[in-house]
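**Q** For reference, the sequence and a predicted model appear below.
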Amino acid sequence: MAELTENVSEKAPETAAKASQAAEAAAPASGTAAKGAATTPGERVPTVIVDNLHIVYKVYGKPSDAQKGNAANALLRILRRQGRPEMKEVHAVRGVTFVAYHGDAIGIIGRNGSGKSTLLRAIAGLLPPHKGAVYTRGQPSLLGVNAALMKELTGERNIVLGCYAMGMTPAEVRAKYDEIVDFSGIGEFVNFPMSTYSSGMGARLRFAISSAKTHEVLLIDEALATGDREFRRKSQERIRQMREAAGTVFLVAHNLDVIEETCNRVIWLHKGKIRMEGDPKEVIKAYNKA
Ligand SMILES: Nc1ncnc2c1ncn2[C@@H]1O[C@H](COP(=O)(O)OP(=O)(O)OP(=O)(O)O)[C@@H](O)[C@H]1O
């Protein structure tokens, strides 16, 4: 399926082939279906295919005093062809597989360290798969990263740059500017550098910028947790609109009420694996019992 771009581990070409077949199976009329232009009602168009995904971090532990970084030790390691001392691997995502479709809002829940943020970053293409593959339709947008905001610039400059970074034209930016400022609720702070903002104000501005454009796939990591009640309500409404515009939204949040109110599917991650997936009410009920 040509329109799905792939982020595939070189170690698993056979997995990539399987996922391609899955994509074909999910959207048989791939040419038109994947463009979203000629989909028949009821047809489900896949936007993200995650196939047996494994993500491994390499972490350098604390070196012993004898190994501490100095030029002599570094030279000895090179001569002995040794790596850096105490390298450990953290296997954060362990064989995750699912397909997301247009119009899905998928909540990802799980205890601390279960791999939620890692999974989002992998879907955004920011972490290479150790094994397996991620196929996405278009470039997914991870809230706050794609619109790379700069603390020393004013909110106004960041809105303009953030919108350009998302591929909007100057005319589109002008048309959306007031709406972004209104939505963020930062008021006159828009004229001050972002370094003067509280973390909540920064998060609200990032959400306002990122959601000013309709994304094929939008990934949101806890952004709603920082806003107040009113902002939460507005963001939920905005996410609903984005779903209706046939986008796909992924939402990581510890607040299960937000997930239940906003999402139509929930994935429960436990120690890097999918423990349960499906209807928000059922999954959250099982998660609360565990
Ligand atoms: N940059 C990193 N380098 C090394 N290990 C990491 C890195 N980021 C995360 N990890 C490890 O990967 C595992 C999964 O972390 P991740 O942040 O994805 O979990 P999470 O479910 O989002 O957690 P939380 O709910 O606390 O935000 C954890 O064991 C964590 O320590």
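**A** Noted; the coordinates are in hand.
**Q** now the strands for the stretch 151-290 of the chain?
**A** All strands of the stretch 151-290 of the chain, identified by DSSP state E, counting those that start in this stretch, fall at 217-221, 248-252, 265-270, 273-278.
**Q** Nearest to Arg77, out of these?
**A** With CB to CB as the criterion, Arg77 lies closest to strand 273-278 of the strands of the stretch 151-290 of the chain, at 35.9 Å. The way it works is simple: take the backbone N, C-alpha and C, and place the C-beta from them, glycine included.
**Q** Okay, angle between that closest one and strand 265-270 too, please.
**A** 160 degrees (axes from the mean of the first three to the mean of the last three CA atoms, to 10 degrees).
**Q** in its sheet, what does strand 273-278 sit against?
**A** Strands adjacent to strand 273-278 in the sheet, as given by DSSP bridges, are strand 265-270 (antiparallel).
**Q** So which residues make contact with the partner strand?
**A** 96, 98, 104-111, 114-116, 119, 259, 274-280, 283-284, 286-287 (CB atoms under 8 Å, 6 or more residues apart in numbering).
**Q** Give the buried residues for it.
**A** For strand 265-270, burial by neighbour count (16 or more other CB atoms under 10 Å) applies to 265-269.
**Q** Throw the strands of the stretch 151-290 of the chain into JSON lines and include mean pLDDT and distance to Arg238, thanks.
**A** Converted to JSON lines, those look like this (pLDDT from 0 to 100; distance: least, CB to CB, whole Å):
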{"stretch": "strand 217-221", "mean pLDDT": "86", "distance to Arg238": "10"}
{"stretch": "strand 248-252", "mean pLDDT": "91", "distance to Arg238": "10"}
{"stretch": "strand 265-270", "mean pLDDT": "97", "distance to Arg238": "19"}
{"stretch": "strand 273-278", "mean pLDDT": "98", "distance to Arg238": "25"}
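**Q** So the residue in the chain sticking out farthest from the centre: helix, strand or coil?
**A** Residue farthest from the centre of the chain, counting by CA atoms, centre = their mean, is Ala72 at 42.4 Å. Here Ala72 is recorded as helix under DSSP: H, G, I helix; E, B strand; the rest coil.
**Q** for the one 3 residues further on, same thing?
**A** Each residue gets one of three states, and Leu75 gets helix by three-state DSSP.
**Q** where's it relative to the ligand, distance?
**A** As judged by CB to the nearest ligand atom, to the nearest Å, Leu75 and the ligand stand 28 Å apart.
**Q** Quick one: neighbours of that residue, just the number.
**A** Burial of Leu75 is recorded as 10 neighbouring residues (other CB atoms under 10 Å).
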